[in-house]
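Asks: return atomic coordinates for the entry below.
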Amino acid sequence: MRRLLLAAPFAVLASPAAASTGVPVNPWVALAYLVSGVFFILALRGLSSPATSRAGNRFGMIGMLIAVVTTLLTHIPEQMCGEFGMCDAGPDWASMSEILVAIAIGAVIGLITARRIAMTAMPELVAAFHSLVGLAAVLVGWAAYLNPGAFGLLLPGSDISAVSKVEMGLGIAIGAITFSGSVIAFAKLSGRMSGSPILLPARHVINLGTLAAIIVLTALFAMAGPSETMPLIVALTVLAFLIGFLLIIPIGGADMPVVVSMLNSYSGWAAAAMGFTLGNTAMIITGALVGSSGAILSYIMCRAMNRSFISVIAGGFGADSSSGGGEAKEQRPYKQGSAEDAAFMLEQAEKVIIIPGYGMAVAQAQHALREMTDILEEKGVEVKFAIHPVAGRMPGHMNVLLAEANVSYDKVFELEDINSEFAQADVAFIIGANDVVNPAAKTDKSSPIYGMPVFDVDKAKQVFFIKRSMGGVGYAGVDNDVFYMDQTMMLLADAKKIVEEIVKALD
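Replies: Residues are numbered from 1 along each chain as shown. Below you'll find the predicted structure:
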């Protein structure tokens, strides 16, 4: 939810009413924005736990409602009065009607999208919303540049201050990077573009050169006179859009959780930069919260993969062509079982640990999995779920799917809390996961996933591994020794179909 707080009302908060005009801010307006900021903080606090996530969502919606209503009620035409300063008090209802129509259109689109979107498509939906936030920052920045008087940014000499230009340039640059990067992330997540890294020759030199050029252009833009700024801001915007594409295309699908949280952070900083330009407290608070939380989340994701943020940006898992290119290197013997075999072993077990992955999401098998869990528990089997921090295509993806299927929160455990229990588990039930259970991360120094913390499923007495076929080897592009272990039985089928068959056999 915290990634969506900015998207819909961004343009409203960035209206001329939110600009800094040199006039003292109404204390009631400042108080309202402060209250909305407190609600945003409570929202993030609530979203830190599944048990309080509903309350967190409500706090976020209340905070944004206060911010939007405050902005609308203080949208008076004084900012557009010109040098004479003769204005009528009260809202500018002509402009407000346009804003309300825009809000209504956005609300209808949002409601329809939220009701129709499947949980499996949530990662790409979040990436798409990030792109809208970034594009909004670019458009607001350009609006402030083209009509600075309406935003209260003109100095007595009919020019924009250097500080405002720097803030404007940063907001446009970060927003453009967020937009173009999110478009690529959306294309990779939705399958419209290959999830494999796309490596350009001398990409690091190109990226560093482009970033340096953006910094130089921002400085020149801040120092240039009114007649010299247009070419600079155009070049700045174009290069920022370009670097967003260049930064994301080399990143592989296995790093998508980090990319999603990183773009989330970018969108927040873009909003915060625009908030400073326009003197809008609500935008500054919201942007800072989203930016900082996204940065912290990116750090947590990188730590979970034992990778640095720089290594993720430099290129994703499987970037080396020697890693296997997504195909198994050799044919090795493995055991294949049936739903009846799995059902018999599961009901004989005392403890079962289920490890879900993206394959479960694609097959939408979470509801059948919850039904299987209920039956096993009725038979006296202890069932737990093990969630890797980077399972799925966005942070918390598996947690959201399990919550949708009404799996109790107290059955879901993070890697560090449950990994030691695999040695006592009778069955490790892997459904659609791959890289997060690959022992090569612990044993093979040449593997692209070496050093990434993984589940110790090889210590379980019995392993059931559900995947569609033996052809795929995960986003990291490396084979998995778990497939060929003596205690592993491969269940090669659609995840939902095979789990439903297991449920029938258990009944």
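
Asks: and the helices in the stretch 101-250 of the chain, which stretches?
Replies: 122-146, 162-189, 203-223, 229-248 (DSSP state H, counting those that start in this stretch).

Asks: check the stretch 251-400 of the chain too.
Replies: Under the criterion DSSP H, counting those that start in this stretch, the stretch 251-400 of the chain contains helices at 256-278, 281-304, 309-314, 339-348, 358-363, 366-378, 397-404.

Asks: rank the ones you listed by pLDDT, which is bottom?
Replies: Of all those, mean pLDDT reaches its minimum on helix 309-314 (a mean of 69).

Asks: isn't Ile498 up against Ile466?
Replies: Yes - with contact defined as CB atoms under 8 Å, Ile498 reaches Ile466; the gap is 5.7 Å. Just so you know, the C-beta spots here come from the backbone N, C-alpha and C atoms, and that holds for glycine as well.

Asks: if I look at the two, which residues touch both of them?
Replies: Common neighbours of Ile498 and Ile466, using CB atoms under 8 Å, 6 or more residues apart in numbering, are Leu491.

Asks: with neighbour numbers in mind, choose between the two.
Replies: For Ile498 and Ile466, the more surrounded residue by other CB atoms under 10 Å is Ile466, and the numbers stand at 28 against 24.

Asks: tell me the contacts of the spatially closest residue to Val407 that is not a sequence neighbour?
Replies: In this structure, Val407 finds its nearest non-sequential neighbour in Arg370, 5.2 Å apart by CB to CB, 6 or more residues apart in numbering. By CB under 8 Å, 6+ apart, the contact list for Arg370 reads 402, 405-407.

Asks: let's see 10 Å
Replies: Applying CB atoms under 10 Å, 6 or more residues apart in numbering to Arg370 gives the contacts 383, 385, 402, 404-408, 411, 499.

Asks: ok, so of these, who is nearest Leu492?
Replies: When the contacts of Arg370 are compared for distance to Leu492 (CB to CB), Val499 wins out at 13.4 Å.

Asks: who are the packing partners of the helix or strand harbouring that closest one?
Replies: Val499 belongs to helix 495-506 when assigned by DSSP states H and E. For helix 495-506, the elements it packs on are helix 339-348, helix 358-363, helix 366-378, strand 427-431, strand 462-467, strand 488-492, judged by 3 or more CB pairs under 10 Å, 6 or more residues apart in numbering; DSSP states H and E.

Asks: average pLDDT for that helix?
Replies: What helix 495-506 shows for mean pLDDT is 94.

Asks: list the buried residues for it?
Replies: Neighbour-count burial for helix 495-506 flags 495-496, 498-503, 505-506 (criterion: 16 or more other CB atoms under 10 Å).

Asks: one more: stretch 186-205?
Replies: For stretch 186-205, by 16+ other CB under 10 Å, it's 186-189, 195-198, 203.

Asks: among those, which one has the lowest pLDDT?
Replies: Lowest in pLDDT among the buried residues of stretch 186-205 is Gly195, which has 68.

Asks: and the next helix or strand past the worst-scoring helix or strand of the chain on mean pLDDT?
Replies: Every helix and strand of the chain was ranked by mean pLDDT, DSSP states H and E. The lowest is helix 10-13, at a mean of 47. Where DSSP H and E defines the elements, the next helix or strand beyond helix 10-13 is helix 27-46.

Asks: where does pLDDT dip in this protein?
Replies: 1-25, 75-94, 156-158, 195, 253-254, 311, 313-330, 471-477 (pLDDT under 70).

Asks: break it into its domains for me.
Replies: Domain ranges of the chain: 10-314, 339-506, per automatic domain parsing.

Asks: mind putting the ones you listed into JSON lines with distance to Arg332?
Replies: Converted to JSON lines, these look like this (distance: least, CB to CB, whole Å):
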{"stretch": "domain 10-314", "distance to Arg332": "23"}
{"stretch": "domain 339-506", "distance to Arg332": "5"}
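
Asks: among the ones you listed, which is nearest Gln331?
Replies: domain 339-506 (8.5 Å).

Asks: spatially central, which residue of the chain would that be?
Replies: Val260 (3.1 Å; CA atoms, centre = their mean).

Asks: for that residue, give me its contacts.
Replies: Contact analysis of Val260 by CB under 10 Å, 6+ apart lists 3, 123-124, 126-127, 130, 182, 185, 189, 294, 297-298, 301, 392-395, 397.

Asks: quick one on the thing from earlier: out of the helices of the stretch 251-400 of the chain, the one nearest Leu236 is which?
Replies: Nearest to Leu236 among the helices of the stretch 251-400 of the chain is helix 256-278 (13.1 Å), distances taken as CB to CB.

Asks: helix 229-248 and the closest one, what's the angle between them?
Replies: Relative orientation of helix 256-278 versus helix 229-248 (axes from the mean of the first three to the mean of the last three CA atoms, to 10 degrees): 160 degrees.

Asks: quick one: helix 256-278 to helix 122-146, angle?
Replies: 20 degrees.

Asks: now do the strand or helix carrying Phe413: which elements does it pack against?
Replies: According to DSSP H and E, Phe413 maps onto strand 412-414. Counting by 3+ CB pairs under 10 Å, 6+ apart, the packing neighbours recorded for strand 412-414 are strand 351-356, strand 382-387, helix 397-404.

Asks: now do it: everything it contacts.
Replies: Strand 412-414 is contacted from outside by 50, 304, 353-354, 356, 384-389, 398-399, 402-403, 418-419, 421, using CB under 10 Å, 6+ apart.
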